[in-house]
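Participant: Here you go, sequence then predicted model.
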Amino acid sequence: MATLMAGAMSVVLYSAHLNFPKEIKGLRDWAAALVLLVAGVGIFALHGNSNILLLAANVVMTWGLGLMLIGTEKFYRLRPSWRLFHITWLCIVIGLAYWLWIKPSFATRVAISSVLVFILHARAIYIICKNGERHFSTGFFGSLMLIESLLVITRGILALSSDADVNLMGAGRFASLYLAAAQFMTLMMTVGFMTVCTRRLQILLERRSTLDPLTQILNRRGFAEIYAKEHAMMRRQGSTMTLLNIDVDHFKKINDTYGHAGGDQVLIGVADTIAKAVRISDHVARFGGEEFLVLLPDTGLAPALQITERIQTAMRKPRPGRPGCTVSMGVACQTDPDESLDRLLIRADQAMYCAKQNGRNRYEIAPQSGSEPTFGHSIERDAMSECRL
Ligand SMILES: Nc1nc2c(ncn2[C@@H]2O[C@H](COP(=O)(O)OP(=O)(O)OP(=O)(O)O)[C@@H](O)[C@H]2O)c(=O)[nH]1
């Protein structure tokens, strides 16, 4: 029954392989592994007294267990251990053939296959422990692999001790227990793997919903989430943060000259340039079209202006193979934790709009929240003209 269910699970895994995002790897290998394990059990059931079929069943099952390891490695984005895979099944062929035909010994055959399968499982457990995130799914999957590997190695050790009954076809208590447990564990390990896959799917979808697909920086939703966290921190610490609103100048002309695809490349380049000009703890977002936001936590106006100038200098540098562009920026410093995000965005947007009005390729500073919006701030005071914030 468990074997049939493992066969059904291979369909589930293959369907997940077809439908899950391509970043989730290893599902196809696990699906193939289950097909091989079911085929191995089938050949084993048919083998009668045929040593050839017995050997074939063992090889097919080892391929299946090897593919489980390969799938697990792919899932954790590691290079698959194909060498270990091939060495394992070759050792099974040579070892079983020797102890089947030349020096027949059932106990040695069981010991050899148990040790080899244990090595495959031990490597999988090592990979899960080293690469898995701290989450229930990792613990569940790792524990199941551990139980299975302990079962396998116990069988191998018992095979070498004379008084134990490890013959799968025998009627001994351990044999029946092992057979039932092994089939059940195959099913459970698959469930464990599906658990880590669905957890990865959840993380991926959450990340996708907060990232801009073109530039891979935060989108509006991601920005709002990050802002909420930083705002809570600001309130707790009584610190200041600064928001930059950055808009690409004459972007319509870039689109008209280089086409929409060329425009997209410029947007990717702008996002990259901004991200490289700020600290890792700062947050860069695309707010729509050719408009970007940068949130600088725990940063007052003076350091924020240094960053603003750094971004503008980086933007002015010509880039080979990519149309050049400049940006206009609005700088809004938040000192009052009771100011809403909407209000902060409006201040930064108005300052950016003012920078556009005042000639583009420059920045303007928004007046403090609550202050009279009748005077302007600009580092380039001599260039200040019409627009007054
Ligand atoms: N390639 C590309 N273009 C976009 C995207 N989103 C918006 N746009 C274009 O960006 C252009 C923005 O034009 P405008 O709002 O007139 O601004 P502008 O030409 O940059 O002029 P100023 O902002 O006043 O300097 C429009 O032509 C939009 O179609 C996008 O994702 N990719």
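Facilitator: Good, I have the coordinates.
Participant: Every contact and neighbour count from this point should use C-alpha atoms.
Facilitator: Fine.
Participant: so what's the backbone phi/psi at Val284?
Facilitator: phi -110, psi 130 (degrees, to the nearest 10).
Participant: Name the residues linked to it by a beta bridge.
Facilitator: Val294 (DSSP bridges).
Participant: what's the distance between it and the ligand?
Facilitator: 16 Å (Cα to the nearest ligand atom, to the nearest Å).
Participant: for Val278, same thing?
Facilitator: From Val278 to the ligand the distance is 23 Å (Cα to the nearest ligand atom).
Participant: And for Phe223?
Facilitator: Counting by Cα to the nearest ligand atom, the gap from Phe223 to the ligand is 17 Å.
Participant: do the same with Trp82
Facilitator: According to Cα to the nearest ligand atom, Trp82 and the ligand sit 43 Å apart.
Participant: What residues does the protein have near the ligand?
Facilitator: Contact residues (Cα under 6 Å from any ligand atom) of the chain with the ligand: 248-253, 255, 260-261, 263-264, 289-290.
Participant: Pull out the buried members of those.
Facilitator: Listed as buried from these are Val248, Asp249, Phe251, Gly263, Asp264, Glu290; burial here means 16 or more other Cα atoms under 10 Å.
Participant: Please name the nearest non-neighbouring residue to the third one.
Facilitator: Leaving aside its sequence neighbours, Phe251 sits nearest to Glu290 (Cα to Cα, 6 or more residues apart in numbering; 7.1 Å).
Participant: contacting residues for that neighbour?
Facilitator: Asp247, Val248, Phe251, Leu267 (Cα atoms under 8 Å, 6 or more residues apart in numbering).
Participant: pLDDT value on it, please?
Facilitator: What the model reports for Glu290 is a pLDDT of 95.
Participant: of all the residues of the chain next to the ligand, which two lie farthest apart?
Facilitator: Checked with Cα to Cα, the residues of the chain next to the ligand reach their widest spread between Asp249 and Ala261, with 17.3 Å between them.
Participant: just the helices in the stretch 201-350 of the chain please.
Facilitator: Assigned by DSSP state H, counting those that start in this stretch, the stretch 201-350 of the chain shows helices spanning 220-237, 251-277, 301-316, 341-357.
Participant: and what of the stretch 1-150 of the chain?
Facilitator: 2-19, 27-46, 51-75, 82-97, 106-131, 136-160.
Participant: how about TSV for those helices, with mean neighbour count and mean pLDDT added?
Facilitator: Below are these laid out as TSV (neighbours: other Cα atoms under 10 Å; pLDDT from 0 to 100):
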stretch	mean neighbour count	mean pLDDT
helix 2-19	18	90
helix 27-46	22	93
helix 51-75	22	95
helix 82-97	17	96
helix 106-131	19	94
helix 136-160	19	92
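Participant: Could you provide those helices in TSV, with additional columns for distance to Met234?
Facilitator: Formatted as TSV, those follow (distance: least, Cα to Cα, whole Å):
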stretch	distance to Met234
helix 2-19	42
helix 27-46	44
helix 51-75	39
helix 82-97	51
helix 106-131	34
helix 136-160	32
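Participant: returning to what we had before: quick one: which two of the contacts of Glu290 are the most distant?
Facilitator: Most distant of the contacts of Glu290, by Cα to Cα, are Asp247 and Leu267, 10.4 Å apart.
Participant: Touching stretch 7-27 from outside, list them.
Facilitator: Applying Cα under 8 Å, 6+ apart, the contact partners of stretch 7-27 are 28, 30-32, 34-35, 38, 70-77, 187, 190, 194, 197, 200-201.
Participant: Only C-alpha atoms, please: export it in PDB.
Facilitator: The C-alpha coordinates for stretch 7-27 follow below in PDB (Å, rounded to 0.1, in the frame of the first residue of the first chain):
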ATOM      1  CA  GLY A   7       3.900   5.900  -6.800                       C
ATOM      2  CA  ALA A   8       1.000   8.400  -6.500                       C
ATOM      3  CA  MET A   9       3.300  10.800  -4.700                       C
ATOM      4  CA  SER A  10       5.600  10.800  -7.700                       C
ATOM      5  CA  VAL A  11       2.700  12.200  -9.800                       C
ATOM      6  CA  VAL A  12       2.200  14.900  -7.100                       C
ATOM      7  CA  LEU A  13       5.900  15.800  -7.200                       C
ATOM      8  CA  TYR A  14       6.000  15.900 -11.000                       C
ATOM      9  CA  SER A  15       3.000  18.100 -11.100                       C
ATOM     10  CA  ALA A  16       4.600  20.400  -8.500                       C
ATOM     11  CA  HIS A  17       7.700  20.400 -10.700                       C
ATOM     12  CA  LEU A  18       5.600  21.600 -13.700                       C
ATOM     13  CA  ASN A  19       3.700  24.300 -11.700                       C
ATOM     14  CA  PHE A  20       6.000  25.600  -9.000                       C
ATOM     15  CA  PRO A  21       8.400  28.500  -9.900                       C
ATOM     16  CA  LYS A  22      11.600  27.300 -11.600                       C
ATOM     17  CA  GLU A  23      13.600  28.500  -8.600                       C
ATOM     18  CA  ILE A  24      12.400  25.500  -6.700                       C
ATOM     19  CA  LYS A  25      14.600  22.700  -8.000                       C
ATOM     20  CA  GLY A  26      14.900  19.000  -7.300                       C
ATOM     21  CA  LEU A  27      11.200  18.100  -7.500                       C
END
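Participant: Give me the contacts around stretch 229-243.
Facilitator: Applying Cα under 8 Å, 6+ apart, the external contacts of stretch 229-243 come out as 293-301, 304, 331-337, 344-345, 348.
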